[in-house]
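Novice: Any chance you can model this:
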Amino acid sequence: SDDIGPIVRNPCPGKIIDVEACIIGEELIMYVFVCNKIYVYAGRDGSIGFSSEYVAYPNENIFLAKRFGTRNLFTCSESGQIIVLKLPEMEQVSSFKVPYLVTAMAVSGNFLILGSQSGHLQLFDSNLNPCQEPVSISDASITALSSPSNYIIVGDMRGLIYIVNNDDGVISIEHRIHAHDNYILHVTVSKGVLYSIGADNRMKVWKKISGRATSNFPLLREINSQ
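Specialist: Purely as a prediction, here's the structure:
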């Protein structure tokens, strides 16, 4: 079909860890993370092709990646090594290591947000300085993060969702939701409405968030994929 774009084959065998894409001018730029490398594809008018590749880590694989606007890309290795790359040059501008296993990552405003296997959350400012020591959010691994505004949505391995207030880098739990019967795969907020997807094959829609979270957080809709 003419409506379907071309199939892009990755030049490196291996599992695709993640994909980030953005539009710069009229050009689509796509970053594909495979093993320890980042493959860059570029195109326009429905066509896209391989452009370049970059080795992020010489001796370990990329575990997480998150684009921040069109100018910065954050990657995290399996050992917790964070690299900040300037786009589109793929120039490394900063690197640091955290002493815990990072299991989720988000970027919001001027903050880099990391979630850990031990259930802690830590924020870093625009200079990548820690805003405070890691804060315990859950007693289970953090599996999903989203930060649409001055709050952070956290999902964990037990299926719980935490609404966390972000007061200029100082965080505190506002509310906890018993959301799913298995771990949280994804959380996001659109037009103030909270959406969650769990490994229990359910997508749930929760009440609109406005200002600080309240104690009442009703479920608006549930979709079962089974």
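Novice: If you count neighbours, what's buried in the helix or strand of the chain with the lowest mean pLDDT?
Specialist: Within the chain, no helix or strand scores below strand 16-24, which has a mean of 85 by mean pLDDT, DSSP states H and E. Neighbour counts over strand 16-24 (16 or more other Cβ atoms under 10 Å) mark 17, 18, 20, 22 as buried. C-beta here means a position set from N, CA and C on the backbone, and glycine is covered the same way.
Novice: now stretch 115-135
Specialist: 115, 116, 118, 119, 120, 121, 122, 123, 124, 131, 134, 135.
Novice: hang on, the earlier thing: now tabulate the buried residues of strand 16-24 in a markdown table and tack on distance to residue 220.
Specialist: Shown next, in a markdown table, are the buried residues of strand 16-24 (distance: Cβ to Cβ, whole Å):
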| residue | distance to residue 220 |
| --- | --- |
| 17 | 33 |
| 18 | 29 |
| 20 | 30 |
| 22 | 31 |
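Novice: pretty sure residue 220 contacts residue 195?
Specialist: No. Applying Cβ atoms under 8 Å, one finds residue 220 not in contact with residue 195, separated by 9.9 Å.
Novice: neighbour count winner among those two?
Specialist: Ranked by neighbour count (other Cβ atoms under 10 Å), residue 220 and residue 195 place residue 195 first, with 17 against 12.
Novice: circling back to that earlier point, sitting in strands, which of the buried residues of stretch 115-135 do you find?
Specialist: If you go by DSSP state E, the buried residues of stretch 115-135 have 115, 116, 120, 121, 122, 123, 124, 135 in strands.
Novice: can you pull the contacts of residue 14?
Specialist: 34, 35 (Cβ atoms under 8 Å, 6 or more residues apart in numbering).
Novice: so it is in which element?
Specialist: Assigned by DSSP states H and E, residue 14 falls within no helix or strand.
Novice: any idea which helix or strand carries residue 220?
Specialist: Residue 220 belongs to strand 219-224, assigned by DSSP H and E.
Novice: which helices and strands does that strand pack with?
Specialist: Secondary-structure packing of strand 219-224 (3 or more Cβ pairs under 8 Å, 6 or more residues apart in numbering; DSSP states H and E): strand 202-208.
Novice: Packing partners of the strand it packs on?
Specialist: Packed next to strand 202-208, using 3+ Cβ pairs under 8 Å, 6+ apart, are strand 193-198, strand 219-224.
Novice: ok so, going back, for the strand holding residue 220, the distance to its chain's centre please.
Specialist: 23 Å (Cα atoms, centre = their mean, to the nearest Å).
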